[in-house]
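Peer 1: sequence and predicted model, in that order:
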Amino acid sequence: MLYTESVYNLTLEKLMKKILFGLLFVGVSVAHAEDYTVDFYTTNPSLVEGDAIVLDGIRVNGLGITPEDAAKVKYIFNRETFNFDIDMSSIVVYRGVGVYHEYHMVKDVPARIINVKGKDVETRQPLFFANLETQTGKKGEEVIVPPGAPLNAGTIYGFTTAAGTPFVANYHFEIGHVMSFDISGAKQDLTYRFTGPNTDVEGEIKSRASLFTKPIKILTAGDYQLSISPSTPGESVTFKLKGFNANSQAMKDLKYGENKVSAKFAAKTWGYAKYKVWLDLEDTLNVPGVKQLREKDNKNWQKLNNTNQYLTFKLVDTSSHVVAYADNFEDLNFTHEEAKSQIYTLFIYSQVGNGGQYSAPDKKVVEITNPTKPKPAKPAKPKPKPKPTTPETTPEESTPPETGPEVTPPDVVAPDETISPEPEVVEEIPEEEV
């Protein structure tokens with residue numbers, strides 16, 4: 001496993017959760033006598049006000065909360081009893097969020113149809129509306145978009161604020177959107193703030209620096225707003241913005257037997273692919289590690305390996321717990337050992353959001369096997385089409401072929417060429433650089 005900063009932080013987070021669980025167990029038990037269970041596994045803990053701890057993402061079964069929900073709770077340390085008491089007024093319940101781990105959501109968000117270069121394309125990138133005009137399109141083909149017109153997340157836009165007027169973008173998100181923002185190109189210091197239901201994220205960006213935010217999962221549907229301003233009041237500033245929904249690929253199914261799986265991710269996004277996996281007793285899921293390239297495979301093999309080493313597999317159960325994990329070109333193998341069948345979700349993603357492409361090594365596939373089950377029959381190969389018949393001709397009627405340069409017909413591969421298989425993923429909206 002790669003010991004990256006994200007993994008290091010995750011390790012600290014898990015340690016903190018264990019400590020918090022021990023501290024809070026008594027307080028939770030005293031506060032409520034009803035039958036219920038509390039699961040801190042998906043919790044993001046934070047210390048506030050010195051004597052209070054906020055736990056965001058607690059799973060509670062009982063107290064009117066179901067396993068499909070999550071909750072945000074503040075615990076206040078009671079100096080007299082040395083317990084943590086629940087601040088009942090602080091409880092926020094996220095209804096119907098379903099299974100998730102970190103920012104990886106099982107729930108799909110609604111798709112919409114957009115037109116890209118004359119073709120209708122399905123996308124799960126949300127719309128937004130800005131208070132400033134913007135330009136989009138290739139150099140020499142720029143299009144001016146007026147303020148208030150709908151814009152597509154997943155596309156790069158350029159904005160210029162007037163002195164004293166901040167940039168404001170309004171979004172409407174559903175449960176399951178996972179947003180990040182890439183802000184760059186400003187020659188002045190900037191401040192930004194992202195707000196919405198139970199959400200408030202803010203920070204600063206130094207001049208000529210860029211910001212690629214951590215993913216922000218949306219657990220409450222509603223209206224959200226991103227504002228950007230120069231740090232020095234009264235200045236005008238020009239910058240580029242790209243918002244991106246990481247949960248933009250629809251759930252796919254892995255069937256028993258062999259599965260061809262591939263996934264492609266753009267740089268500076270937290271995008272991920274997800275697959276539903278139904279496992280019976282003794283079923284084993286085998287996911288080959290990403291192919292590690294050699295010099296003969298690609299002239300940029302080292303650069304591609306440096307990117308793909310962060311591609312990660314994570315298998316999550318219906319309780320939002322991680323049951324298997326692999327990265328750094330390693331395989332993921334997991335056997336379901338319970339009599340009751342269960343649905344799992346396989347996530348494929350980059351740990352650091354730097355893009356990458358997953359494809360299994362040569363002659364390997366993602367597969368589900370079981371020693372007690374017969375192997376699924378492979379689909380029959382289609383019968384070859386009969387060759388077209390040509391009318392008989394006499395020597396006098398035949399004509400010699402015309403001489404000239406040899407031409408390779410369309411869709412036919414010349415002997416020294418190869419076709420590379422395209423990844424079976426839903427392509428994102430093409431970025432349009434300003």
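Peer 2: Great, that's in hand. Numbering: from 1, shown residues only.

Peer 1: domain-wise, how is this protein divided?
Peer 2: 5-98, 127-245, 252-369 (automatic domain parsing).

Peer 1: turn those into a markdown table, columns for mean pLDDT.
Peer 2: Below are the domains of the chain laid out as a markdown table (pLDDT from 0 to 100):
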| stretch | mean pLDDT |
| --- | --- |
| domain 5-98 | 72 |
| domain 127-245 | 94 |
| domain 252-369 | 94 |
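
Peer 1: adding distance to residue 112 and mean neighbour count, write those domains out as a markdown table.
Peer 2: Where you see a C-beta, it was placed from the backbone N, CA and C, and this is true even at glycine. Formatted as a markdown table, the domains of the chain follow (distance: least, CB to CB, whole Å; neighbours: other CB atoms under 10 Å):
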| stretch | distance to residue 112 | mean neighbour count |
| --- | --- | --- |
| domain 5-98 | 21 | 15 |
| domain 127-245 | 8 | 17 |
| domain 252-369 | 17 | 18 |
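
Peer 1: closest to residue 111 out of those?
Peer 2: In terms of CB to CB, the element of the domains of the chain nearest to residue 111 is domain 127-245, at 11.0 Å.

Peer 1: and the closest one, end to end?
Peer 2: End-to-end span of domain 127-245 (CA to CA, to the nearest Å): 11 Å.

Peer 1: that one: how far from the chain's middle?
Peer 2: 20 Å (CA atoms, centre = their mean, to the nearest Å).

Peer 1: also stretch 295-308?
Peer 2: 24 Å.

Peer 1: cool, stretch 347-366 as well?
Peer 2: 13 Å.

Peer 1: give me the distance between the two termini of that stretch.
Peer 2: 13 Å.

Peer 1: can you tell me the SS state at residue 263?
Peer 2: Put simply, residue 263 is strand when judged by DSSP: H, G, I helix; E, B strand; the rest coil.

Peer 1: turn the domains of the chain into JSON lines, columns for distance to residue 114.
Peer 2: Formatted as JSON lines, the domains of the chain follow (distance: least, CB to CB, whole Å):
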{"stretch": "domain 5-98", "distance to residue 114": "26"}
{"stretch": "domain 127-245", "distance to residue 114": "7"}
{"stretch": "domain 252-369", "distance to residue 114": "17"}
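
Peer 1: out of the ones you listed, which gets nearest to residue 113?
Peer 2: domain 127-245 (11.8 Å).

Peer 1: to residue 110, which of the domains of the chain lies closest?
Peer 2: Among those, domain 127-245 sits nearest to residue 110 (CB to CB), with 6.3 Å.

Peer 1: export stretch 131-147 as CSV, just CAs?
Peer 2: C-alpha atoms of stretch 131-147 as CSV (Å, rounded to 0.1, in the frame of the first residue of the first chain):
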residue,chain,number,x,y,z
ASN,A,131,-23.4,36.6,-12.0
LEU,A,132,-20.7,37.5,-14.6
GLU,A,133,-20.3,37.0,-18.3
THR,A,134,-17.8,34.4,-19.4
GLN,A,135,-16.0,33.1,-22.4
THR,A,136,-15.8,29.5,-23.5
GLY,A,137,-14.6,27.7,-26.6
LYS,A,138,-11.3,27.2,-28.5
LYS,A,139,-9.0,30.0,-29.3
GLY,A,140,-10.4,31.9,-32.3
GLU,A,141,-13.8,30.3,-31.7
GLU,A,142,-14.7,31.9,-28.3
VAL,A,143,-18.3,32.3,-27.4
ILE,A,144,-19.5,35.0,-25.0
VAL,A,145,-22.0,33.7,-22.4
PRO,A,146,-24.1,36.4,-20.7
PRO,A,147,-24.6,36.6,-16.9
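
Peer 1: what lies in contact with it?
Peer 2: With CB atoms under 8 Å, 6 or more residues apart in numbering as the test, stretch 131-147 has contacts from 130, 148, 151, 155-161, 165, 167-169, 432-434.
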